[in-house]
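>>> Sequence plus predicted model, see below.
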Amino acid sequence: MPNKSRITLLIIACALMLGLALSQAQETTPTFRGYGVQLYSGDGWSFLYPLNATVETISETELQVVGPEIAIRPADADFTVSGPAYQMSVMIYDNPERVFPEVWAEQQILADWQAAGAGSGPNPYPVTSDGQLDPEKFAAIIVANLPAAKAEFFGGDAAVFNIYFSTGDKIVVFSYRAEPELNNPIALMQLDIYMLMINSFTVTAEE
């Protein structure tokens, strides 16, 4: 098991790297839970993300928020692991019937489960063997004073969470991996940044 003191030092070092932009932030720079942030504006919706992250457009209906490149050396190891400090996908879907996010999510998850074989193989979906949503992995929630839904998918060595919002005629889905602390010494910091973005989601369009 990794040495706790070394993990703590790794977390502190990565946090300093992620918060580097704060030292240059002016009073006009918005802050959220201690981070310097900037605004991403979609079509009738927006959210905040860290100053040192970038937004990459994957397609007209998908973007990714990617943190700065970092390198981590696991405790008692002679190698380093490098890559983005964090990464979250944001996907946009049509919602012409303007249904609530939990209704849209339920319909979409069950449709995907059916298309994947409805229990004929490994099941990463929050769906039971009899075709019902698993109440331990799917729920209607309130986020940033907005109705939303949360679903947990199986992602191998991590859980994958989707948070669903409605903007009226669109559904916006934030998707992120939540890795165990034992496997990833900056897992808690990543989760804090994901929550920063999700909790800052705002609908700006008239419904």
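Looks like it came in fine. Numbering: from 1, shown residues only.
>>> Just the element for the residue located most distally from the centre of the chain, please.
For the chain, the residue at maximal distance from the C-alpha centroid (C-alpha atoms, centre = their mean) is residue 78, at 30.7 Å. Element membership for residue 78 (DSSP states H and E) is empty, with no helix or strand holding it.
>>> Let me know the pLDDT of it.
The confidence metric pLDDT takes the value 73 at residue 78.
>>> Which secondary structure element of the chain has the lowest mean pLDDT?
In the chain, no helix or strand scores lower on mean pLDDT, DSSP states H and E than helix 4-18, which sits at a mean of 45.
>>> At the geometric centre of this protein, which residue sits there?
Note: the chain centre (C-alpha atoms, centre = their mean) maps to residue 176, 3.3 Å.
>>> From what I see, that one and residue 159 are in contact.
No. Between residue 176 and residue 159 there is no contact under C-beta atoms under 8 Å: 9.5 Å. Yep, even glycine has a C-beta here, placed from its N, CA and C like the rest.
>>> so what's the backbone phi/psi at residue 56?
Backbone geometry at residue 56, expressed as degrees, to the nearest 10, gives phi -110, psi 130.
>>> For it, give its distance to residue 201.
Distance from residue 56 to residue 201, counting by C-beta to C-beta, to the nearest Å: 19 Å.
>>> If we ignore the residues flanking it in sequence, what's nearest residue 54?
Closest residue to residue 54 apart from its sequence neighbours, by C-beta to C-beta, 6 or more residues apart in numbering: residue 66 at 5.4 Å.
>>> quick one, what contacts the one you found?
Residue 66 makes contacts with 53-56, 84, 86-87, as judged by C-beta atoms under 8 Å, 6 or more residues apart in numbering.
>>> secondary structure class for residue 113?
helix (DSSP: H, G, I helix; E, B strand; the rest coil).
>>> Assess the claim that it and residue 125 are in contact.
Yes. In this structure, residue 113 is within contact of residue 125 by C-beta under 8 Å, at 4.5 Å.
>>> about what we covered before: neighbour-wise, which of residue 56 and residue 201 wins?
The residue with more neighbours, out of residue 56 and residue 201, is residue 201; 21 against 12, by other C-beta atoms under 10 Å.
>>> tell me the contacts of the nearest residue to that one once chain neighbours are set aside?
Leaving aside its chain neighbours, residue 201 sits nearest to residue 47 (4.7 Å; criterion: C-beta to C-beta, 6+ apart). Contact analysis of residue 47 by C-beta under 8 Å, 6+ apart lists 39-40, 90, 197-198, 200-202.
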